[in-house]
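# Build me a model from this:
(one chain, ligands or ions: 2)
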Amino acid sequence: MTATTQQPPRYFALLPAAGVGARMAANGPKQYLTVGGKPMLRHAVDAFRASALVTHTYVVVSPDDGVIDSVLPSNLDGVTVLRVGGATRMDSVLNGLRALTGVLDQYDLVMVHDAARPGLTPALIAKLIDGVGDDPAGGLLAMPVVDTIKRSAPATDGSRTSAATVPRDGLWAAQTPQMFSYGLLLRALGSAPDANAITDDASAVEMLGHAPRLIEGHPRNLKVTLPADIRIAEMYLANKED
Ligand SMILES: Nc1ccn([C@@H]2O[C@H](COP(=O)(O)OP(=O)(O)OP(=O)(O)O)[C@@H](O)[C@H]2O)c(=O)n1
Ligand SMILES: C[C@](O)(CO)[C@H](O)COP(=O)(O)O
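Numbering: from 1, shown residues only. Ligands and ions are numbered 1, 2, ... in the order given. Modelled structure (predicted):
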């Protein structure tokens with residue numbers, strides 16, 4: 001009888017960083033805004049570089065990006081830039097995965113993380129990896145919803161009214177990283193019907209009938225979306241314990 005050997009899992013990071021930051025309305029893409037002393041994208045990349053669990057980090061930028069070389073010099077250990085960004089977040093992630101054909105194995109685990117979440121830490125990366133374990137459906141960081149949730153309706157004067165209160169039981173707000181095997185994520189995003197309707201990776205995996213695990217994240221891992229979020233992110237970045 002021959003003994004079978006099982007390889008330990010390999011973990012990779014893939015950061016979509018090809019957005020324009022329309023809601024931030026800054027002078028350029030928000031992932032390059034300085035928060036807590038360095039570009040937002042650099043914080044996110046450095047969290048993966050600081051994690052002993054992560055083999056390599058890939059960053060997806062627009063083909064015509066003129067800033068990335070100054071933020072991630074080509075001699076930076078453990079990081080590769082892929083100039084294959086697309087029109088939507090889903091397109092950028094899918095293009096990045098396709099560019100890694102032959103580089104990643106279908107069982108390799110890929111953590112997709114927004115460049116616009118600078119508060120990620122190696123401890124949160126380890127918590128996700130530990131929480132998902134060997135679940136073939138993968139999983140994601142997320143936060144249980146704590147506010148009372150309202151469904152709005154338009155008022156005659158153009159403002160909004162509260163039409164109903166939606167039970168918040170069981171509602172979680174998705175964060176990233178979201179981690180899946182390379183093969184599953186490629187299949188899920190490759191078969192998803194509408195790139196504009198897929199706002200995160202887990203939703204494409206759910207469409208294949210899988211139920212990814214929810215692992216509680218942390219408020220410090222907020223996505224910087226609106227101008228006011230910059231100050232909140234800086235508050236967390238100033239305090240490594242949060
Ligand atoms: N075509 C796109 C759109 C988004 N992203 C990335 O996806 C992440 C999360 O998206 P979001 O916060 O929506 O970023 P933007 O699309 O830049 O912001 P906005 O929707 O306000 O334009 C960001 O790191 C962003 O750079 C991407 O790689 N490619
Ligand atoms: C992936 C994500 O960060 C999870 O919260 C989010 O879905 C990004 O897209 P959004 O359009 O900014 O909600």
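
# In this protein, which residue sits nearest ligand 1?
Minimum separation of the chain from ligand 1 (CB to the nearest ligand atom) falls at residue 19, amounting to 2.1 Å. Backbone N, C-alpha and C define where each C-beta goes, glycine included.

# tell me the pLDDT at the closest residue to that residue other than its chain neighbours?
Distances taken as CB to CB, 6 or more residues apart in numbering place residue 29 nearest to residue 19, at 6.3 Å, with adjacent residues excluded. If you check residue 29, the pLDDT there is 97.

# same deal with residue 240?
76.

# mind listing what it touches?
By CB atoms under 8 Å, 6 or more residues apart in numbering, the contact set of residue 240 is residue 121.

# do stretch 92-105 and ligand 1 meet?
Yes: against ligand 1, stretch 92-105 shows contacts by CB under 6 Å from any ligand atom at residue 92.

# Just the CA trace of that stretch, in CSV.
This file holds the C-alpha atoms of stretch 92-105, laid out as CSV (Å, rounded to 0.1, in the frame of the first residue of the first chain):
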residue,chain,number,x,y,z
SER,A,92,-11.0,43.2,-11.9
VAL,A,93,-11.0,40.2,-9.6
LEU,A,94,-11.9,37.8,-12.4
ASN,A,95,-9.3,39.2,-14.8
GLY,A,96,-6.7,38.9,-12.0
LEU,A,97,-7.7,35.2,-11.4
ARG,A,98,-7.5,34.5,-15.1
ALA,A,99,-4.0,36.1,-15.3
LEU,A,100,-2.9,33.6,-12.6
THR,A,101,-3.8,30.5,-14.7
GLY,A,102,-0.9,28.1,-14.4
VAL,A,103,0.5,30.0,-11.5
LEU,A,104,-2.1,29.0,-8.9
ASP,A,105,-3.5,25.5,-8.4
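
# buried sites along that stretch?
Neighbour counts using 16 or more other CB atoms under 10 Å place 92-97, 99-100, 104 of stretch 92-105 among the buried residues.

# Is any residue of that stretch near ligand 2?
No: against ligand 2, stretch 92-105 shows no contacts by CB under 6 Å from any ligand atom, the least distance being 9.3 Å.

# Counting neighbours, what do you get for the residue lying closest to residue 191 once chain neighbours are set aside?
Closest residue to residue 191 apart from its sequence neighbours, by CB to CB, 6+ apart: residue 208 at 7.3 Å. Using other CB atoms under 10 Å, residue 208 is surrounded by 12 other residues.

# Please apply the same query to the one 3 residues further on.
Residue 211 has 12 neighbours, counted by other CB under 10 Å.

# who's in contact with it?
Neighbour list for residue 211: residue 137 [criterion: CB under 8 Å, 6+ apart].

# ok, now how distant is it from residue 184?
Distance, residue 211 to residue 184, by CB to CB, to the nearest Å: 13 Å.

# which neighbours do those two share?
What both residue 211 and residue 184 touch, as defined by CB under 8 Å, 6+ apart, is the set residue 137.

# if we take the buried residues of stretch 92-105, which one ends up nearest to residue 124?
Distance to residue 124 across the buried residues of stretch 92-105 (CB to CB) is lowest for residue 93, with 19.6 Å.

# for the host helix or strand of the closest one, packing partners?
Here residue 93 sits within helix 89-99, counting by DSSP states H and E. Judged by 3 or more CB pairs under 8 Å, 6 or more residues apart in numbering; DSSP states H and E, the packing partners of helix 89-99 are strand 11-16, strand 54-60, strand 79-82, helix 182-191, helix 201-207.

# Need the residues that contact the fourth one.
Under the contact criterion CB under 8 Å, 6+ apart, helix 182-191 has outside partners 12, 90, 93-94, 97-98, 100, 104-110, 112, 136-138, 180, 198, 201, 204-205, 207-208, 210.
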